[in-house]
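Chemist: Here you go, sequence then predicted model.
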Amino acid sequence: MTFSEIPKVELHLHLEGAAPPSFIRGLAKEKKIDISGIFDERGNYSYRDFEHFLSVYEAACTTLQSPEDFRRLTLAVLEQSAENGVIYSETFLSPDFCGGADLSAWIDYLAAIEDAANEAQRIFGITLRGIVTCIRHFGPEKSKKAALCAAETKSKFLTGFGMAGAELHGCPNDFAYSFDLAREAGLRLTCHAGEWGGPDMVRETVRALGVERIGHGINAIKEPDLVHELHDRGTVLEVCPGSNVVLRASGDWPSHPIDALRKAGVKVTVSTDDPPFFHTTMVNEYEKLAQTFGWRQEDFHQVNTTAIYAAFCDDETRTDIIQKLQVQNG
Ligand code: ADE
Ligand code: ZN
């Protein structure tokens, strides 16, 4: 079985961050927006460091101005995921980039995204679920608006709430209101932590926000007690090694902690984060994991099984995907 044939579950993908640069350039041209400064001479996204990455990301998002733009984006992204063997995907959706977190605008954007997801299910056989994501450096007040959008639109499709953005901005407790609101609405919870913050940030995020999954979480490796706590709690890490290497949140591939965390019994999963920004794909991540740590088909099957049990979907969908993982693994 080739790496592209392995059926995959991806839990950590930012919808806007998955936009191919050519797609964003096309929208910029249609709308006469000059964002030429965010691309290099080959047409790829260009940035210096994480902070600059966030501003390039936000500049790219200025071209996404209507539900129809998000419908086209969702289809383009899911086509690429399916080409990489992804059969189930969860993407982060940010009401802040969909009409400024205004609830009535958000309802229209979400309907367009869900419509595209249904079409992608029919055409490419991939299942999508959405996680509303607030942006940490936009502050706690904006995060409440995003949480309200999530709570008001919870559905079979929109199943989770989370937080991305500049991790070192504020502390987890500043966002507890938003996470409580989302939890009370019945949404499942995840939060970026331990990408830039240390073990204390991961611990505080798990405890103060009550999340069951952590985006990245790689710096947990620096404190054995925390590794034990994550193991004991069954917290799932959405690890994105290619993102970490390119953004320099970690060292090179051989020094990346994903294999050590897995060996310590922590539930790890594999995702791409923002694939075109990091010149990666799910197939590339799997190839690198095989080359660097000797992961084989059974390791990938185990990681995908961990992912589908941690997925924020209903049990009927989970059972369907588990069957697809088993059939294709023989
Ligand atoms: N938003 C998109 N990608 C991100 C990352 N790697 N960390 C934090 N926020 C993000
Ligand atoms: Zn992320």
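Modeler: Arrived safely, thanks for sending. Ligands and ions are numbered 1, 2, ... in the order given.

Chemist: what does the stretch 101-250 of the chain put close to ligand 1?
Modeler: Residues of the stretch 101-250 of the chain lying close to ligand 1 (C-beta under 6 Å from any ligand atom) are Ala164, Gly165, His192, Glu195, Ser243. In this view, the C-beta of every residue, glycine as well, is placed from N, C-alpha and C.

Chemist: Could you name the helices and strands sitting against the helix or strand that the third one is a member of?
Modeler: Yep, that's His192 we're talking about. Assigned by DSSP states H and E, His192 belongs to strand 188-193. Helices and strands touching strand 188-193, by 3 or more C-beta pairs under 8 Å, 6 or more residues apart in numbering; DSSP states H and E, are strand 158-164, helix 176-184, helix 199-209, strand 213-216.

Chemist: of the residues of the stretch 101-250 of the chain next to ligand 1, closest to Tyr286?
Modeler: Distances from Tyr286 to these, taken as C-beta to C-beta, are shortest for Ser243 (14.6 Å).

Chemist: Neighbours of the nearest residue to the closest one once chain neighbours are set aside, how many?
Modeler: In this structure, Ser243 finds its nearest non-sequential neighbour in Asp273, 3.7 Å apart by C-beta to C-beta, 6 or more residues apart in numbering. Using other C-beta atoms under 10 Å, Asp273 has 29 other residues around it.

Chemist: Show the pLDDT at the spatially closest residue to Glu152 that is not a sequence neighbour.
Modeler: Using C-beta to C-beta, 6+ apart and skipping the chain neighbours, the partner closest in space to Glu152 is Leu103 (6.0 Å). Note for Leu103: predicted pLDDT of 96.

Chemist: ok, now which ones touch Leu103?
Modeler: Leu148, Cys149, Glu152 (C-beta atoms under 8 Å, 6 or more residues apart in numbering).

Chemist: was I right about the second one contacting Gly99?
Modeler: Going back to what we said before, that points to Cys149. No - contact between Cys149 and Gly99 fails when scored by C-beta atoms under 8 Å: they sit 9.5 Å apart.

Chemist: hmm, back to that, isn't the residue nearest to Ser243 right up against Leu11?
Modeler: No - with contacts defined as C-beta under 8 Å, Asp273 does not count as touching Leu11, sitting 10.7 Å away.

Chemist: any residues in contact with both of these two?
Modeler: In contact with both Asp273 and Leu11: no residue, using C-beta under 8 Å, 6+ apart.

Chemist: what stretches of the stretch 201-330 of the chain score poorly on pLDDT?
Modeler: Applying pLDDT under 70 to the stretch 201-330 of the chain picks out residues 328-330.
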